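quick one, fold the following:
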Amino acid sequence: MSVIKYIGRTTDFKGKPLWEIVGNLKNFGVGRVVVRSMFERYPEPSYMRIVKVEALPNQEIRKVKVTMEKTFRGRTYPKLVVIDSVSYKADYRLLSKHEEESYCRTVERSERIIATETDMPPLLREFIQRETGKINPKIPVKMKPGHNNIYRLAKKGETPNIEIPMGLGKPASPRLYQNCDI
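Here you go, the predicted structure:
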C-alpha cells in the first residue's frame with residue numbers, strides 16, 4: 001500500500017470556479033444567484049445576483065468578468081460590483097431557483113457599538129501609572145473605516161454593546177498565575 005503525500009498549499013474552498021458555473025448556464029446565468037462558500041460562515045446572508053457576463057482575453061483562460069449585485073452580510077451594495085480577478089477560485093455555488101427566495105431573505109443587522117476607550121495592557125498600564133500618576137489610564141480605540149464594517153465607535157452619551165476586555169484570557173495553566181495580581 002502506498003502512502004499519498006500532498007505537496008503545496010491547502011485551500012478551504014468548496015465549490016466550482018465562477019467561469020465554470022456561468023459557462024454551463026443558459027444566457028450565462030444572468031439573473032441567477034451565486035454564493036461564495038467563504039462568506040457562508042456569517043449568520044447574515046451573503047450572495048451575488050449576476051447582471052452581466054463578459055469573456056476575458058485568451059491569456060486569462062480560466063477567468064471571466066462578471067458584473068453583479070452584491071449583498072454581503074445582509075447589506076446590499078448601492079453600486080454594481082465587477083468580479084474578475086477572483087473568478088478562477090473554486091469557491092462558488094449556484095443556488096437553485098427554489099432555494100433563492102429563502103436564502104436571499106432580508107435580515108435585520110444588529111449594529112455593534114464599541115467603546116471609544118479601553119484598558120491598557122498590564123505592563124504598559126504600570127509604566128503610565130508611574131509616569132503620570134493616573135490611577136486607571138485608558139487607551140483610545142481607533143477603527144479603520146470600511147464599507148463592510150458593521151462595527152462603529154460609540155458617540156457621546158451612547159452606551160456601547162461590545163466591550164474590549166484587556167487581560168490574559170484563560171491561561172493554559174492557572175496555577176502559574178495564582179499569586180499574581182492581574
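
excluding its backbone neighbours, what's nearest Ile139?
Spatial nearest neighbour of Ile139, excluding adjacent residues (C-beta to C-beta, 6 or more residues apart in numbering): Met120 at 5.0 Å. Yep, even glycine has a C-beta here, placed from its N, CA and C like the rest.

ok, Lys14 next?
Ser37 (4.4 Å).

quick check: next helix or strand after the longest helix seen in the chain?
The longest helix of the chain (DSSP state H) is helix 122-132. Scanning forward in sequence from helix 122-132 by DSSP states H and E, the next helix or strand is strand 138-140.

for the spatially most central residue of the chain, which three-state class applies?
The residue lying closest to the centre of the chain (C-alpha atoms, centre = their mean) is Phe39, at 6.9 Å. Secondary structure state of Phe39, per DSSP: H, G, I helix; E, B strand; the rest coil, is helix.

what's the burial count for Lys89?
Residues contacting Lys89 under the criterion other C-beta atoms under 10 Å number 18.

now do the end-to-end distance for stretch 3-16.
Start-to-end span of stretch 3-16 (C-alpha to C-alpha, to the nearest Å) is 28 Å.
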